[in-house]
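In: Curious how this folds, go ahead:
(2 chains)
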Amino acid sequence: MKRIRIKTVLSGVEPGTRVTVAGWVRTRRDSKGGFSFLEINDGSCLANLQVIAPAELDNYAGDVLKLHPGASVAVEGTLEASEGAGQAVEVRARAVRVLGFAPPVEYPLGKQKVGFDRLRELPHLRARTNSFGAVARVRHLLANATHRFFHERGFLYVHTPIITSSDCEGAGAMFQVTTLDPHTPPRRADGAVDYEQDFFGRRAALTVSGQLEGETYACAMGDIYTFGPTFRAENSNTRRHLAEFWMIEPEMAFADLDDDAELAEAFLRHLFQAVLRDGADDLRFFDRRVLPGVLARLERLADAPFGRVTYTEAVRLLETSGRAFEFAPCWGMDMQSEHERFLAEEVFKGPVVVTDYPAAIKAFYMRRNDDGRTVAAMDVLLPEVGEIIGGSQREERMEVLEATLRASGLNPDEYAAYLDLRRYGSVPHAGFGLGFERLVQFCTGMHNIRDVIPYPRAPRLCV
RNA sequence: UCCGGCGUAGCGCAGUGGUAGCGCAGUUGGCUGUUAACCAAUUGGUCGCAGGUUCGAAUCCUGCCGCCGGAGCCA
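Out: Down below sits the predicted model:
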């Protein structure tokens, strides 16, 4: 079918031009003046295209008057300046071809309001709503802006594995991958399941992070990034967690924590500017219908310089703030979200990078600082959301890394490959991780993370 | 996982012990270059499931299931 997208039609096609558009009917209004109005949406943009379907059409009574929300049509006609007030242009149809009717009694997305909860039960249809169409477009923009940003800076996109051998991933809750029969798995003499007979000859699971594999490529290619799905089997029931989510993880060789923080700041600013530039219509929709103020928030952040503070200074700021927190701040604690928000919203009044956390509350791979009690870690905190990025300079000194592994109760033998990077031509390197859905959540103002990914997976949710 | 809230018509909701309601959608009719169209009529419910208290339960109690919010964990 030779069709033109509605986005294109609405962005400057000359009145008088013959066009063919195709899409789904949002609403139909009949006029006794001898025609019907059809509002058509094809997903290319938020706006609908108004179609004038004259009663003279052969199939007016037979088809057009039977169109309801959800029906699909192809319309051939002429673009005209609109006589009505709601739109600049409209298409006067010479032919309306029905591709598929949508029975109004059955179709769940009519003209009535449908809540996000209900739409979550209809993942195959919810992209046809204004909200989820807008989310899908913004999500695409952000993904595209991510690749552009790293490509322009010479970062290599590395595809890290989805299935990993669990031995090397630490103790997080993982989804096991197996082809063994769960009822009658092969057993070893001691009664344990014999994973040597499993598909991979050993236990395997879905990845929780591409970082370790990303580091191996950074320690050969220089600057790399990963952008792929990750999986956590934790029983988290919150509006900020998914069992399957996408993560962006850059990793830079010959880089320290300062380089890392600079990259994070430039990256976020690039993303905000890209979505403001290319997603303006959708952002206005979110600002109007989802979260008033989300647009101004993005505009503020797109140019705001990031604050910078060490964890130790941050705790002092919290302690001397005079603010009564639910959890009293003290050195050594993990920062609560109330603390993070206070720092970003009231102290720095903008994004802030907190660095050099206590070693005790951070992962084994983060580089020990000379003070012996902190590590070169950073979190980027945003107003109103808290942490959006977590990163660190990695420990590149083999003896220190080995000692930390042991102290963490981990077996260095299982990290042989990771240690090899330090054994052979070790270099300082640093990176961070950004949860993509939380970024989409932040930019759209959508409240629940399950509504910014097409098919959300969470405890008891795999529709 | 813990705490709190909710579950009533296709959808969004009201109804705190006495015959189950409103709005939207649907259907029918009317009207109109309409645009969240409007006006009138009308269809539609085993009140999440199971048990209990009571003359009587959507309403009170217990258990279960599901969803939402907050917390923890984190991204």
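
In: which SSE is A:S131 in?
Out: Assigning secondary structure by DSSP states H and E places A:S131 in helix A:130-152.

In: same deal with A:R316?
Out: Here A:R316 is covered by helix A:311-319, with elements defined by DSSP H and E.

In: Which other helices and strands does the helix or strand following that helix contact?
Out: As assigned by DSSP H and E, the chain's next helix or strand after helix A:311-319 is helix A:337-342. Helix A:337-342 sits against helix A:311-319, strand A:374-382, strand A:386-393, with contacts defined as 3 or more Cβ pairs under 8 Å, 6 or more residues apart in numbering; DSSP states H and E. For every residue, glycine as well, the C-beta is placed using N, CA and C.

In: swap the cut-off to 10 Å and go again
Out: Here helix A:337-342 touches helix A:311-319, strand A:352-358, strand A:374-382, strand A:386-393, going by 3 or more Cβ pairs under 10 Å, 6 or more residues apart in numbering; DSSP states H and E.

In: Would you format those as JSON lines with mean neighbour count, mean pLDDT and distance to RNA strand B included?
Out: Shown next, in JSON lines, are the helices and strands packed on helix A:337-342 (neighbours: other Cβ atoms under 10 Å; pLDDT from 0 to 100; distance: least, Cβ to the nearest atom of the strand, whole Å):
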{"stretch": "helix A:311-319", "mean neighbour count": "19", "mean pLDDT": "92", "distance to RNA strand B": "14"}
{"stretch": "strand A:352-358", "mean neighbour count": "23", "mean pLDDT": "94", "distance to RNA strand B": "11"}
{"stretch": "strand A:374-382", "mean neighbour count": "25", "mean pLDDT": "93", "distance to RNA strand B": "8"}
{"stretch": "strand A:386-393", "mean neighbour count": "22", "mean pLDDT": "91", "distance to RNA strand B": "4"}
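
In: any chance of these in TSV, plus distance to A:R232?
Out: Formatted as TSV, the helices and strands packed on helix A:337-342 follow (distance: least, Cβ to Cβ, whole Å):
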stretch	distance to A:R232
helix A:311-319	25
strand A:352-358	21
strand A:374-382	18
strand A:386-393	14
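
In: Three-state assignment for the residue in chain A that RNA strand B sits nearest to, please.
Out: Of all residues in chain A, A:G84 sits closest to RNA strand B, at 2.1 Å by Cβ to the nearest atom of the strand. With DSSP: H, G, I helix; E, B strand; the rest coil as the basis, the three-state label of A:G84 is coil.

In: neighbouring strands for the following helix or strand past the helix holding A:S131, and are they parallel or not?
Out: Under the assignment DSSP H and E, the closest C-terminal helix or strand after helix A:130-152 is strand A:156-157. As defined by DSSP bridges, the strand partners of strand A:156-157 come to strand A:223-231 (parallel).

In: gap between the worst-scoring helix or strand of chain A on mean pLDDT and the chain center?
Out: Lowest mean confidence among the helices and strands of chain A (mean pLDDT, DSSP states H and E): helix A:337-342, at a mean of 85. With Cα atoms, centre = their mean, to the nearest Å as the basis, helix A:337-342 stands 22 Å off its chain's centre.

In: Mind listing what's buried along it?
Out: Going by neighbour count (16 or more other Cβ atoms under 10 Å), the buried part of helix A:337-342 is A:339-342.

In: for stretch A:154-167, same thing?
Out: For stretch A:154-167, by 16+ other Cβ under 10 Å, it's A:155, A:158, A:160, A:164-166.

In: Same check on stretch A:115-126?
Out: Buried, per 16+ other Cβ under 10 Å, within stretch A:115-126: A:116, A:119-120, A:122-123, A:126.

In: hey, where'd the helices end up in the stretch 101-250 of chain A?
Out: Along the stretch 101-250 of chain A, counting by DSSP state H, counting those that start in this stretch, helices occupy A:116-120, A:130-152, A:211-221.
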